[in-house]
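Asker: Mind folding the following:
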Amino acid sequence: MTEVTQLTPGIWQISLPFQGETDIIGSYLLAGSDEIALIDPGPGSTSEALLEGVRQAGFDPARVTHILATHIHLDHTGGVGKLLASMPQARVFVHSKGAQHLIDPGKLISSSERIYGERMQELWGEILPVPQEKVQVIEGGDVLNIAGRRLEVHYTPGHAIHHVIFFDVHSGDLFAGDVAGVRLPGITYGRPPTPPPDLDIEAWSSSIDTLKKLRPDVIYLAHFGPVRNLAPHLESIRAKLFNWGDLVLRAMRENKSEAEIIELFIAETRPELQRLSNDPRTLERYEIASNYPMTVQGYMRYWRKHHPERLEA
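Answerer: Now for the predicted structure:
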């Protein structure tokens, strides 16, 4: 069932049921000045739940005017093309490096099929192209006057080359997508989601610096919800980003196979989460949000692509 929470006047969080769980994938609804914006409306598999969430918040989906994408990974925007049938007024705002993949998602679909195989439909549902005339390209430095807010667009690569965040300097609200990591409700444990193909550790660290310089009052995570202890959270994400990368690099230099590295990675990193949660279900929920195999695969591609010289034993 879709769960909707009004966080502040004009901001609602829509929890999209995913793989039988809530509070893992979230979309944010902004309303004001006769405009309605959705940030990261989620995959095609949860499109009906998203529409129901908009209605629960008290709005007609047909009145949605803006869809904002922090990036184009399927768990964030895979359902946009499908949703537009119910949102005829909406325009889609996306970074220039991601726009073409919304207009023509063929390459995105084929690369995802290689990763997810038979689970594609179950996980992500129907992925439809977004008409080009509906797409508004944005860049870092742009300012969007939307839903009674002045949203600054900041380019924040590292997790993805097409990643941006949206910052309302007047309210202090920052919509962070995945650049501020994953932290599920009920536990103070954050981790960086590092899937292939775009992981860039140095760029991500610079993006974390960008977030800290903006000094937001609250960061809204896609996975999941608001975070207010900003500096400790962001530094924890940065520390894991580097430490986990070093762990994978050492294993690669020892010529371990991918399966061996995944097994080693789990053995080295899962105990911290176990200590903090003491609940097997929490481990399962983090695996849904950001699983270990793709974490390792992202690092392995990063080292081969960006620093092949460091793979020398």
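
Asker: out of everything not next to it in sequence, what's closest to residue 283?
Answerer: residue 273 (6.2 Å; Cβ to Cβ, 6 or more residues apart in numbering). Where C-beta positions appear, they are placed from N, C-alpha and C, glycine not excepted.

Asker: Which helix or strand contains the one you found?
Answerer: Using DSSP states H and E, residue 273 sits in helix 258-277.

Asker: what's that helix in contact with?
Answerer: Here helix 258-277 makes contact (Cβ atoms under 8 Å, 6 or more residues apart in numbering) with 187-189, 191, 244, 247-248, 251-252, 256, 282-283, 286, 292-293, 295-297, 300.

Asker: Okay, buried residues for it please.
Answerer: 261-262, 264-265, 269, 273, 277 (16 or more other Cβ atoms under 10 Å).

Asker: Which stretches in this protein count as strands?
Answerer: Using DSSP state E, the strands of the chain run over 3-8, 11-18, 21-32, 35-39, 66-68, 91-95, 135-138, 143-146, 149-155, 164-168, 173-177, 218-221, 225-227.

Asker: what is the rounded mean pLDDT of the last one?
Answerer: Strand 225-227 shows an average pLDDT of 97 in the prediction.

Asker: same thing with stretch 60-74?
Answerer: For stretch 60-74, mean pLDDT is 98.

Asker: now the end-to-end length of it.
Answerer: Stretch 60-74 has its terminal residues 24 Å apart, counting by Cα to Cα, to the nearest Å.

Asker: any idea how far that stretch is from the chain center?
Answerer: The chain centre lies 14 Å from the centre of stretch 60-74; the measure is Cα atoms, centre = their mean, to the nearest Å.

Asker: next one: stretch 277-294
Answerer: Stretch 277-294 sits 16 Å away from the centroid of its parent chain (Cα atoms, centre = their mean).

Asker: Could you tell me the end-to-end distance of it?
Answerer: This stretch, stretch 277-294, spans 22 Å end to end (Cα to Cα).

Asker: Could you give me the buried positions within it?
Answerer: So stretch 277-294, judged by 16+ other Cβ under 10 Å, has buried residues 277, 282, 285-286, 288-290, 293-294.

Asker: Nearest to residue 200 among those?
Answerer: residue 294 (15.8 Å; Cβ to Cβ).

Asker: Surely that closest one and residue 197 touch.
Answerer: No. The pair residue 294 / residue 197 is not scored as a contact, 10.8 Å apart, by Cβ atoms under 8 Å.

Asker: burial count for residue 209?
Answerer: Residue 209 has 13 neighbours, counted by other Cβ atoms under 10 Å.

Asker: now it: how far from residue 48?
Answerer: Distance, residue 209 to residue 48, by Cβ to Cβ, to the nearest Å: 39 Å.

Asker: Distance of the residue nearest the centre of the chain relative to residue 308?
Answerer: Nearest residue to the geometric centre of the chain (Cα atoms, centre = their mean): residue 178, 3.6 Å. Using Cβ to Cβ, one gets 26 Å for the distance from residue 178 to residue 308.

Asker: same check, this time on residue 181
Answerer: Taken as Cβ to Cβ, the span from residue 181 to residue 308 is 27 Å.

Asker: Same drill for those two, tell me which one is more crowded.
Answerer: residue 181 (28 against 9).

Asker: Next, give phi and psi for that one.
Answerer: phi 90, psi -170 (degrees, to the nearest 10).

Asker: Leaving out the residues flanking it, which one is nearest to it?
Answerer: Residue 181 sits nearest to residue 237 (Cβ to Cβ, 6+ apart), 3.9 Å away.

Asker: my guess is the one you found meets residue 178, correct?
Answerer: No. Taking contacts as Cβ under 8 Å, residue 237 lies outside contact range of residue 178: 10.2 Å.

Asker: Kindly export stretch 181-190 (C-alpha atoms) in PDB.
Answerer: Provided in PDB are the C-alpha atoms of stretch 181-190 (Å, rounded to 0.1, in the frame of the first residue of the first chain):
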ATOM      1  CA  GLY A 181      23.600   7.900   0.100                       C
ATOM      2  CA  VAL A 182      21.100   5.400   1.400                       C
ATOM      3  CA  ARG A 183      19.900   5.500   5.000                       C
ATOM      4  CA  LEU A 184      16.700   3.700   5.800                       C
ATOM      5  CA  PRO A 185      14.300   4.700   8.600                       C
ATOM      6  CA  GLY A 186      15.000   3.500  12.200                       C
ATOM      7  CA  ILE A 187      18.800   3.200  11.900                       C
ATOM      8  CA  THR A 188      21.600   5.700  11.700                       C
ATOM      9  CA  TYR A 189      23.500   3.800   9.100                       C
ATOM     10  CA  GLY A 190      24.300   5.300   5.700                       C
END
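
Asker: For that stretch, buried residues please.
Answerer: By 16+ other Cβ under 10 Å, the buried positions in stretch 181-190 come out as 181-184, 189-190.
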